[in-house]
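Peer 1: here are the coordinates; sequence isn't available:
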Ligand SMILES: Cc1ncc(COP(=O)(O)O)c(C=O)c1O
């Protein structure tokens, strides 16, 4: 833990502050790529930029040779600005508007369609070279019910029957290049759900293939988790790769699918442990039932604890053993505004700097200016070098898009 640096950065740039470690991102990416490549030649990793869409993070991953999974026109524009070419981008999102489909078609971006409705609307606008269908393989998994995106009742993807219908529709429209896609959830720490869902996806690939579809790419989505809690273990990525690609290779051979690209869309496992959130304690409140540690980051800054009851390790530069049970709470007027509940920490005092760990995924990208608190700044660190990569928002940002109605002047 780089406490001296964190203290310096907090003094220089203020808090709350995101601190991103470039080397960690590179290491995470390389490790996953290497493990997958060890088992199959044709691998493509589309970094799921919804996890962290900072331009510098995107640029690091472009330099590493990644492609990108985008989920909105805004993400597409950011990825292009970071230097990716349209051919390196994929688009995967539910409930896409027609003008967004036109935007993607105009730029030649590969689309994972999420419904027959979307496919039919797309084909009325134009015929893409390539189409991929997002399938719900009937299996979901994730670290919280809101992180489970496959299985019964999920709004995502098409059932097997509907997916086969989609390929028929696509084939009759003249499309010649095909992909297949699933994303079953997020924060998964075992290979089992991937194997179970992957098997279903590959069975579907077989049926579509029998109907004349040649797959260029089969995309198994994101979802590889990271350990947040002390008792959780990292997924062994070499084992994961050997097992998952073992299944993939066996089935593509058995089903005669040729040698499609094996794609994944990792987000969390690339950036999750690569950033911390620094937040300063301003208030200590002891009540008859508990101690509250009041900090300057609430769910406007890091929403994961409020939204998913997510656990983030919190440390402070005190050598003492944890001795006090407290709630770490933010500055918002909401009962759900907490970073940690009933957490054992060393004695915390006003002015202490807290380091919220593993905050790189779905941190800044899910933050908001709720209660008119402008969003926090980001700093990128590389060894001893650091640089501000996103300025702290200010009052001007709160005012920028609004005006008072003329009749109220
Ligand atoms: C379609 C899709 N792909 C990839 C991801 C990335 O998931 P993760 O960050 O768990 O790897 C997500 C996240 O929700 C997603 O919706």
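Peer 2: Yes, it's here. All values derive from a computational prediction rather than experimental measurement.
Peer 1: Every contact and neighbour count from this point should use C-alpha atoms.
Peer 2: OK.
Peer 1: Low-confidence stretches in the stretch 1-150 of the chain?
Peer 2: Applying pLDDT under 70 to the stretch 1-150 of the chain picks out no residues at all.
Peer 1: what does it put close to the ligand?
Peer 2: 48, 51, 92 (CA under 6 Å from any ligand atom).
Peer 1: Now with 5 Å, please.
Peer 2: residue 48 (CA under 5 Å from any ligand atom).
Peer 1: And the helices in the stretch 1-150 of the chain?
Peer 2: Using DSSP state H, counting those that start in this stretch, the helices of the stretch 1-150 of the chain run over 3-13, 22-37, 55-63, 73-81, 98-107, 116-125.
Peer 1: hmm, stretch 174-194 touching the ligand?
Peer 2: Yes: using CA under 5 Å from any ligand atom, stretch 174-194 comes into contact with the ligand via residue 186.
Peer 1: Which one of the helices of the stretch 1-150 of the chain lies nearest to residue 192?
Peer 2: Nearest to residue 192 among those is helix 22-37 (16.6 Å), distances taken as CA to CA.
Peer 1: The closest one versus helix 55-63: what angle between them?
Peer 2: If you take axes from the mean of the first three to the mean of the last three CA atoms, to 10 degrees, helix 22-37 sits at 40 degrees to helix 55-63.
Peer 1: a markdown table for the helices of the stretch 1-150 of the chain, including mean neighbour count?
Peer 2: Formatted as a markdown table, the helices of the stretch 1-150 of the chain follow (neighbours: other CA atoms under 10 Å):
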| stretch | mean neighbour count |
| --- | --- |
| helix 3-13 | 14 |
| helix 22-37 | 18 |
| helix 55-63 | 18 |
| helix 73-81 | 17 |
| helix 98-107 | 15 |
| helix 116-125 | 16 |
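Peer 1: does residue 213 really touch residue 166, like I thought?
Peer 2: No: in this structure residue 213 lies outside contact range of residue 166 using CA atoms under 8 Å: 11.2 Å.
Peer 1: Can you tell me the strand partners of the longest strand anywhere in the chain and which way each runs?
Peer 2: As assigned by DSSP state E, the longest strand anywhere in the chain is strand 275-286. Partner strands and pairing direction for strand 275-286 (DSSP bridges) are strand 17-21 (antiparallel), strand 291-295 (antiparallel), strand 353-356 (antiparallel).
Peer 1: So for that strand, what gets flagged as buried?
Peer 2: Neighbour-count burial for strand 275-286 flags 275, 276, 277, 278, 279, 280, 281, 282, 283, 284 (criterion: 16 or more other CA atoms under 10 Å).
Peer 1: do the same with stretch 377-393
Peer 2: Neighbour counts over stretch 377-393 (16+ other CA under 10 Å) mark 377, 378, 379, 380, 381, 386, 389, 390, 392 as buried.
Peer 1: How about the last one, nearest residue that isn't a chain neighbour?
Peer 2: Spelled out, it's residue 392. residue 377 (4.1 Å; CA to CA, 6 or more residues apart in numbering).
Peer 1: ok, the one helix or strand residue 306 maps to near the ligand or not?
Peer 2: Secondary structure from DSSP states H and E places residue 306 in helix 304-308. No: for helix 304-308, no contact with the ligand is found by CA under 5 Å from any ligand atom; the gap never falls below 12.8 Å.
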